[in-house]
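**Student:** Need a 3D model of the following:
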Amino acid sequence: MKRLFSLVMLWSIVAALLAACGGAPATPATGANTSPAAASSPAAASSPTAAASPQGTEASPAPAAAGGASSGKPLKIGLVTDQSKALMLYGQQEINGFMLGLQYATDGTMEVAGRKLEVIIRDDENNADRARQLARELIERDGVEVLQCCASTTSALAVIEVAKENQKIVIVDPAAGPQITGSNFNRYVFRTGRNTLQDALTAGPYIVENIGKEFVQIAPDTDFGKGSAASWRTVIEGAGGRFVAEDVLIPADTTDFTPYLQRVLDAADENGAKVLFVTWAGSNFPRLFQQMREQGVLDKLTLATGFGDNATMKAVYTDAIGAVGVIVYHYTLPKNPVNDWLVQEHKKQHGTPPDLFTAGGMAAAIALVEALKKTGGDTDAEKMIAAMEGMSFQGPKGTYTFRKEDHQALQPMYMVKLVNLDDPEMRFFELLEERSPEETAPPIMVPKP
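**Tutor:** Numbers count the residues shown, from 1 in each chain. Got it, this is the predicted structure:
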């Protein structure tokens, strides 16, 4: 079997979403910067979902007016993500991270500028129409003033349109399609998650230089998959590589990959493809890798993909010890007080270390609290936009900065080497290089007015 190189992936869903640079540094998070103290906060340590409303049990209060800063009334946050379908694992990581982030940024009080924070969580079932409906209900019926979403790029694209219609801020993480802060951008969207262009900029040039120059790629036939494939194509061709066959787009719910993998083998035999780049997300990811081994794909091509969550590492990467690639986050990589707190509290509250997208959920919550501190708890969209554009804050990966032009958060990214899969603490990786936010800043792709 040829070497298995992992680069970008899923959520990343692959291609790393861009990051950008930007503007004025801003309000360091009081709790975020300093806060081991938050770790000892009774509220933070007790119930991670204490403020979250059980799905479907919310009462139907009158919709709240925008703002609310001076009233001291509770501030409702609507969180829409997949809790029951293919991306449910990522959705739960997002939820856990978001709730921990609120605890951290408020020093355990779950309150900012005199307003108690309440989180209403809804399951979009990985369905964009349902995500759109839920976002509308949260705003119009439940009085939600700010949204956070989604595990799925397709769902996120639906929710950000609802946010625009209602002039509500939405913070996106972990959905990674570049369209969210690119072709479909609107000014009410801020993204703490990286996008697939950032993934590609972290790993693409390395692959071309060290692995091969003739590529074929597969990706799910979804907004995320298409966006990721486009990101990788752009970066790899820019680095001197070339794709020798059309992209193989596969329905996301596929369980038999045989015909699609045959097209990959044809690209190797007939067009000279040497490297297979894989973008994937979902519970059928192990099945895809199993069939690649069974059909001999890994004997003919060197695989490049990204490292995923801890739960799937053993199922997918059993033949990949020594492989190098990109990863969005692993709890062993960042060295800063925020990540230390996250690891400690996640183990305390959930019994395991934080996983791939937990850090993103936490970053979204910290960004929201920091913005609310700036506005005095006022959620008026214009005031929030003014506070967040160019804002920097300290999160579990280090310094994040919302680029003014597209509201994409620039952030550190990681190139790692897989060194084992049997460590009981899941210390699977050796850090090869931390790429700076500036090094992985993607191009600004917002359509011109």
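**Student:** surely Lys213 meets Gly240?
**Tutor:** Yes: in this structure, Lys213 is within contact of Gly240 by Cβ atoms under 8 Å, at 6.4 Å. (Glycine included, C-beta is placed from N, CA and C.)
**Student:** who's more crowded, the two?
**Tutor:** Between Lys213 and Gly240, Lys213 has the larger neighbour count (other Cβ atoms under 10 Å), namely 15 against 10.
**Student:** From Asp269, how far off is the more buried one?
**Tutor:** 18 Å (Cβ to Cβ, to the nearest Å).
**Student:** Also Tyr329?
**Tutor:** 38 Å.
**Student:** Compare neighbour counts for the two and give me the winner.
**Tutor:** Between Tyr329 and Asp269, counted using other Cβ under 10 Å, Tyr329 has the larger neighbour count: 31 against 10.
**Student:** how about the nearest residue to Val278, chain neighbours excluded?
**Tutor:** Thr305 (4.0 Å; Cβ to Cβ, 6 or more residues apart in numbering).
**Student:** how much space is there between the one you found and Thr401?
**Tutor:** In terms of Cβ to Cβ, Thr305 sits 28 Å off from Thr401.
**Student:** quick one: which of the two has more around it?
**Tutor:** Thr305 (30 against 24).
**Student:** Tell me if I'm right that the more buried one and Phe285 touch.
**Tutor:** No: look at Thr305 against Phe285 with Cβ under 8 Å: they stay out of range, at 9.5 Å.
**Student:** which stretches of the stretch 101-250 of the chain have low pLDDT?
**Tutor:** Filtered on pLDDT under 70, the stretch 101-250 of the chain yields no residues whatsoever.
**Student:** Okay, helices next: where are they in it?
**Tutor:** Ranges of helices within the stretch 101-250 of the chain are 128-140, 153-166, 196-210, 223-238, based on DSSP state H, counting those that start in this stretch.
**Student:** so where's the longest strand in the protein?
**Tutor:** strand 115-123 (DSSP state E).
**Student:** Partner strands of that one, with direction?
**Tutor:** Its sheet considered, strand 115-123 pairs with strand 52-53 (parallel), strand 75-81 (parallel), strand 111-112 (antiparallel) by DSSP bridges.
**Student:** How about that strand, which residues are buried there?
**Tutor:** Within strand 115-123, the residues that qualify as buried are 115, 117-123, counting by 16 or more other Cβ atoms under 10 Å.
**Student:** Quick one: closest of the strands paired with strand 115-123 to Ala219.
**Tutor:** strand 75-81 (21.4 Å; Cβ to Cβ).
**Student:** residues contacting Ser155?
**Tutor:** 80-82, 124, 126-128, 130-131, 149, 175 (Cβ atoms under 8 Å, 6 or more residues apart in numbering).
**Student:** how does it look with 7 Å?
**Tutor:** Shown in contact with Ser155 (Cβ atoms under 7 Å, 6 or more residues apart in numbering): 124, 126, 128, 131, 149.
**Student:** Nearest to Lys76 among these?
**Tutor:** Nearest to Lys76 among these, with distances taken as Cβ to Cβ, is Cys149, at 14.7 Å.
**Student:** who touches the nearest residue to Val275 once chain neighbours are set aside in this structure?
**Tutor:** Leaving aside its sequence neighbours, Val275 sits nearest to Gly212 (Cβ to Cβ, 6+ apart; 4.2 Å). Neighbouring residues of Gly212 by Cβ under 7 Å, 6+ apart: 274-275, 302.
**Student:** How about Ala128?
**Tutor:** Neighbours of Ala128 in contact, by Cβ under 7 Å, 6+ apart: 154-155, 157-158.
**Student:** Please apply the same query to Asp223.
**Tutor:** 153-154, 157, 177, 179.
**Student:** Quick check: which element contains the most far-flung residue of the chain relative to its centre?
**Tutor:** Distance from the C-alpha centroid of the chain, by Cα atoms, centre = their mean, peaks at Glu270 (36.5 Å). Take DSSP states H and E as the rule and Glu270 turns out to sit in helix 258-271.
**Student:** what about the residue nearest the centre of the chain, distance to Met362?
**Tutor:** By Cα atoms, centre = their mean, the chain has its centre lying nearest to Pro174, at 2.3 Å. Applying Cβ to Cβ, the value for Pro174 to Met362 is 11 Å.
**Student:** ditto for Ala281
**Tutor:** 20 Å.
**Student:** These two: which is more packed in?
**Tutor:** A count of neighbours by other Cβ under 10 Å puts Met362 above the other of Ala281 and Met362, at 36 against 31.
**Student:** Secondary structure class of the more buried one, three-state.
**Tutor:** Following DSSP: H, G, I helix; E, B strand; the rest coil, Met362 is assigned to helix.
**Student:** Tell me who's in contact with it.
**Tutor:** With the criterion set at Cβ under 7 Å, 6+ apart, Met362 makes contact with 97-98, 100-101, 104, 342, 395-396.
**Student:** roughly how far apart are it and Asp124?
**Tutor:** Distance from Met362 to Asp124, by Cβ to Cβ: 21 Å.
**Student:** before we move on, what about Glu145?
**Tutor:** Distance of Glu145 to Asp124, given as Cβ to Cβ: 19 Å.
**Student:** Identify each buried residue in stretch 263-277, please.
**Tutor:** 264-265, 267-268, 273-277.
**Student:** farthest-separated two in those residues?
**Tutor:** Most distant of the buried residues of stretch 263-277, by Cβ to Cβ, are Leu265 and Phe277, 15.1 Å apart.
**Student:** Ile444 against Lys404, yeah?
**Tutor:** No: shown here, Ile444 and Lys404 do not form a contact pair, counting by Cβ atoms under 7 Å, at 9.7 Å.
**Student:** returning to that earlier point: what is the nearest of the contacts of Ser155 to Phe257?
**Tutor:** Comparing those against Phe257 with Cβ to Cβ picks out Asn126 as the nearest, at 19.5 Å.
**Student:** so that closest one makes contact with Thr153?
**Tutor:** No: at 10.7 Å, Asn126 does not count as touching Thr153 under the criterion of Cβ under 7 Å.
**Student:** quick one: which of those two has more around it?
**Tutor:** Of the pair Asn126 and Thr153, Thr153 is the one with more neighbours under other Cβ under 10 Å, namely 33 against 26.
**Student:** Distance of that one relative to Phe402?
**Tutor:** For Thr153, the distance to Phe402 - Cβ to Cβ - is 19 Å.
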